[in-house]
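S.K.: Sequence and computational prediction follow.
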Amino acid sequence: MPKILRVNMTTKEVKFEDVPEKYAALGGRGLTSQMVLDDVPPTCEPLGEFNKLVIAPGLLSGTNAPSSGRLSVGGKSPLTGGIKESNAGGISSQKLGSMGIKAIVIEGKPAEKGSYMLKLSEEGAELVAADDLAGKGTYDVTKICRERFNDKVAVITIGPAGEMLMPSAGLTNNDTEGNSSRYAGRGGLGAVMGSKGLKAIVIDCNKTFDAPVQDSDAFKVAAKKFTKILLDHPVCGQGLPAYGTNVLMNIINEAGALPVRNFSKGRFDKANDVGGEKLAEVAKERGGKATHACHPGCVMRCSNVYPMPDGKVCAPIEYETAWCFGPNLEISDLDVVAKLNYICNDVGLDTIEAGCTLGVLAEAGVIAFGDGEAAIKALEEVEKGTPLGRIIGGGSAVAGKAFGITRVPAVKGQGIPAYDPRSCKGNGVTYATTPMGADHTAGYAVTANILKVGGHVDPNKSDGQVELSRNLQVATAAVDATGLCLFVAFAVLDNPEGVPTIVEMINAQYGTELTPDDVIALGQQILKVEREFNAKAGFTKADDRLPEFFTTEELEPHKTKFDIKDEELDEVFNF
Ligand code: SF4
């Protein structure tokens, strides 16, 4: 029987509970968002005793459905003040699914100072003192835990940024090779974990694909069909496995939607120097890997392993990270980008937020655009907890206020990722309206806007963008509930067999009789739940807007402004 593991950090009580009927058919983001709405007072202090951290594998996690090992982490965000689901790869989700753990709920807050570790195995779960891990970076924590227990354990941990309660701190999972680099980065949930005195969760279980499946023959057929759908698609089966997500650098640059110099221009003449092709070449030269899987069973393998000149390994450098530390800061040295990425991974900071924040600091003249060494020095302040370090850990909106900068690329306090909303307007609609704060993964309109996947909607025009973003936000919420990697969407959008095959896998696993329409209804329901939480937390239509400068400043090379009207943005959730 699936269980919920509830950990009370006030009393230190750890107990397994039966799953209430209401949650039985939910998983991943569907479950974390519903539990947060049900159990977290929307106006509570995000770093206080009433917030909860909910960690849930997806509905298909723990099976051998391809690329189904994504983990959802939910709670009230200290960065946005609203609901948050942050989604990560790594090996923990498959283990939790195999162990029948529907969710881990971390609640309460210890009265005394101290660090704890939650140790979970098939024998049970216990909280143990972990003061020896306090203040350590995530790479050290993961290494210590793998040495202390065994090299198969999954380690979910925070770095010093989370312990110092910085609003853009994330929590990380180790990948298949033990690197602590698969981040639930966005929205500051690492600080929520830190506020509860929890430094790490160790999952000691050798199972990977052991989740119970009711009709295993039907499941095998559907999983095989879904694998073929993914591998037959040019993006999922060829582009991602060859160059990883950073293959997008040159594509987005060519489209004129690459945010450069803190969103001042749409093209960077040195984009190729930090793009996926260059990354693959250097990684291979140095004995790294151009691509690898972040969890067992991923067939798209978009991740990479990048050896740095100092002998350390940065894994992976994703497109959004290469962008925010590269073109966004006018830096074209891949080793500098890797170093900034590594510092964030180790200290436990969301890379996108850190990159946006450094862009704001450059706008303010605190560091210079193009000065990689200055960017590294600034980011090193985070671990020291200096005033500048804490401003950086506070995120882009905090940095803007601290230095009097109004060109801050953030919505609901969260930094805007690697696609300029003036020349990828569908993403602009998503950034403005998603309950998560600016988030490209919440409704990735780059598909139809730029990649021409699932149709084509001109990225520089306003026509059709609201409908595109609406459909993608609904579909994404549903995919995030399954535990499938969002990148399956490329194939699913182009192949009419995609959604029905996902439904076949779920039905075979749970003995249900869902239809594709039920999946759409699930996505809509998740968005309604998240918007209800945000409304109760005080969010209004005024929060569903982009920063003013996107509507007043033209973006080169297409001379575009964000011109989708407020009334149109207010229509996104009319379903
Ligand atoms: S496609 Fe990439 S991010 Fe997605 S599960 Fe596979 S390796 Fe992880």
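M.R.: Everything's here; your move.

S.K.: Could you tell me which residues make contact with residue 247?
M.R.: By C-beta atoms under 8 Å, 6 or more residues apart in numbering, residue 247 lies in contact with 239, 240, 275, 276, 277, 319. C-beta: built from backbone N, CA, C; applies to glycine.

S.K.: My guess is residue 416 contacts residue 422. True?
M.R.: No: shown here, residue 416 and residue 422 do not form a contact pair, counting by C-beta atoms under 8 Å, at 11.1 Å.

S.K.: give me the number of residues near the residue in the stretch 451-575 of the chain that the ligand sits nearest to?
M.R.: As assessed by C-beta to the nearest ligand atom, the ligand sits closest to residue 485 within the stretch 451-575 of the chain, at 3.1 Å. Other residues within reach of residue 485, judged by other C-beta atoms under 10 Å, total 26.

S.K.: which residues touch it?
M.R.: 67, 68, 69, 70, 89, 298, 300.

S.K.: Kindly report the same for residue 382.
M.R.: So residue 382 contacts 160, 161, 166, 343, 347, 349, 354, 389, 390, 392, 393 (C-beta under 8 Å, 6+ apart).

S.K.: To which secondary structure element type does it belong?
M.R.: helix (DSSP: H, G, I helix; E, B strand; the rest coil).

S.K.: which residue sits closest to it, ignoring its sequence neighbours?
M.R.: residue 389 (4.2 Å; C-beta to C-beta, 6 or more residues apart in numbering).

S.K.: Is that neighbour located within a helix, as I assumed?
M.R.: Yes: judged by three-state DSSP, residue 389 forms part of a helix.

S.K.: Please give me every residue in contact with it.
M.R.: Counted by C-beta under 8 Å, 6+ apart, residue 389 has contacts 380, 381, 382, 383.

S.K.: Reformat those residues as TSV; add distance to residue 314 and pLDDT.
M.R.: Converted to TSV, those look like this (distance: C-beta to C-beta, whole Å; pLDDT from 0 to 100):
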residue	distance to residue 314	pLDDT
380	16	98
381	20	98
382	17	98
383	17	98
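
S.K.: hang on, the earlier thing: pick out the most distant pair among the contacts of residue 247.
M.R.: 240 and 275 (14.3 Å; C-beta to C-beta).

S.K.: Give the helix, strand or coil label for residue 227.
M.R.: Relying on three-state DSSP, one would call residue 227 helix.

S.K.: Can you report how many residues neighbour it?
M.R.: When neighbours are counted by other C-beta under 10 Å, residue 227 registers 18.

S.K.: same deal with residue 558?
M.R.: So residue 558, with other C-beta under 10 Å, has 16 neighbours.

S.K.: so it touches residue 461, yeah?
M.R.: No: taking contacts as C-beta under 8 Å, residue 558 lies outside contact range of residue 461: 10.2 Å.

S.K.: per-residue pLDDT, the residue nearest to residue 382?
M.R.: For residue 389, the model assigns a pLDDT of 98.

S.K.: Tell me the spacing between it and residue 329.
M.R.: 18 Å (C-beta to C-beta, to the nearest Å).

S.K.: what comes up buried for stretch 495-502?
M.R.: Along stretch 495-502, these residues count as buried under the neighbour rule (16 or more other C-beta atoms under 10 Å): 495, 498, 499, 501, 502.

S.K.: Can you list the helices and strands that the helix or strand of the chain with the lowest mean pLDDT packs against?
M.R.: Using mean pLDDT, DSSP states H and E, strand 289-292 stands out as the lowest-scoring helix or strand of the chain, at a mean of 82. Other helices and strands packing on strand 289-292, by 3 or more C-beta pairs under 8 Å, 6 or more residues apart in numbering; DSSP states H and E, are helix 240-243, helix 276-285, strand 303-307.

S.K.: and with 6 Å instead?
M.R.: helix 276-285, strand 303-307 (3 or more C-beta pairs under 6 Å, 6 or more residues apart in numbering; DSSP states H and E).
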